[in-house]
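Engineer: Structure here, sequence nowhere to be found:
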């Protein structure tokens, strides 16, 4: 799948997440170096598409107006590898700064403790796997962002 078709597929999937999620994808596409960064991803990835619970964070992201924050937001919803998950499964995504792409680390959690703590993203899988390509797997999910995540996204960048 070529880059344009892939981006269009993501844009269509983002429709469930609302106007702001579509705008983030469109904005990311226009950022310098985004295409190069995305095409450089070698192995398979799993993308957690926030279709519920992200509107407040996305609104703040646009008001903040920082390109790096947009890229960080997108990276924090990506996990290296092809994860096989089921609808209703709860998870937590935490920053994994050890990877070159700064993707997140996935952790399955009990629904009763699926709370976003510190700089994590907590959520619940809302869809079956959506295969955009042989290397990109997408899950629609409901998310909650920890206060540390928001602080990290919106800290002053020099």
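Structural biologist: That came in fine, so what should we check first? Note that the coordinates shown come from a computational prediction; the quantities given were computed from them, not determined experimentally. Residues are numbered from 1 along each chain as shown.

Engineer: Show me which parts of the helix or strand residue 8 falls within are buried, residue by residue.
Structural biologist: Assigned by DSSP states H and E, residue 8 falls within helix 3-13. For helix 3-13, the buried set under the neighbour-count rule, 16 or more other Cβ atoms under 10 Å, comprises 6, 7, 9, 10, 13. Any C-beta I mention is one placed from the backbone N, CA and C, and that applies to glycine too.

Engineer: quick one: contacts for the second one?
Structural biologist: Pointing back at residue 7 there. Residues near residue 7 by Cβ atoms under 8 Å, 6 or more residues apart in numbering: 25, 29.

Engineer: could you point out the longest strand in this structure?
Structural biologist: When the chain is parsed with DSSP state E, its longest strand is strand 136-145.

Engineer: and that strand, average pLDDT?
Structural biologist: Across strand 136-145, pLDDT averages out at 90.

Engineer: Please apply the same query to stretch 76-85.
Structural biologist: On average, the pLDDT along stretch 76-85 is 90.

Engineer: roughly how far is that stretch from the heart of the chain?
Structural biologist: 10 Å (Cα atoms, centre = their mean, to the nearest Å).

Engineer: Give me the contact list for that stretch.
Structural biologist: Contacts of stretch 76-85 (Cβ under 8 Å, 6+ apart): 43-50, 91, 93, 95, 99, 101, 103-106, 121, 125, 129, 135, 137, 139, 149.

Engineer: Return a ChimeraX selection command for the buried portion of those.
Structural biologist: Of the contacts of stretch 76-85, the buried ones can be selected in ChimeraX as follows, counting by 16+ other Cβ under 10 Å:
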select :45,46,47,48,49,50,91,93,95,103,104,106,121,125,129,137,139,149
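
Engineer: Restricted to strands, list the contacts of stretch 76-85.
Structural biologist: Among the contacts of stretch 76-85, DSSP E puts 45-50, 91, 93, 95, 104-106, 121, 125, 137, 139 in strands.
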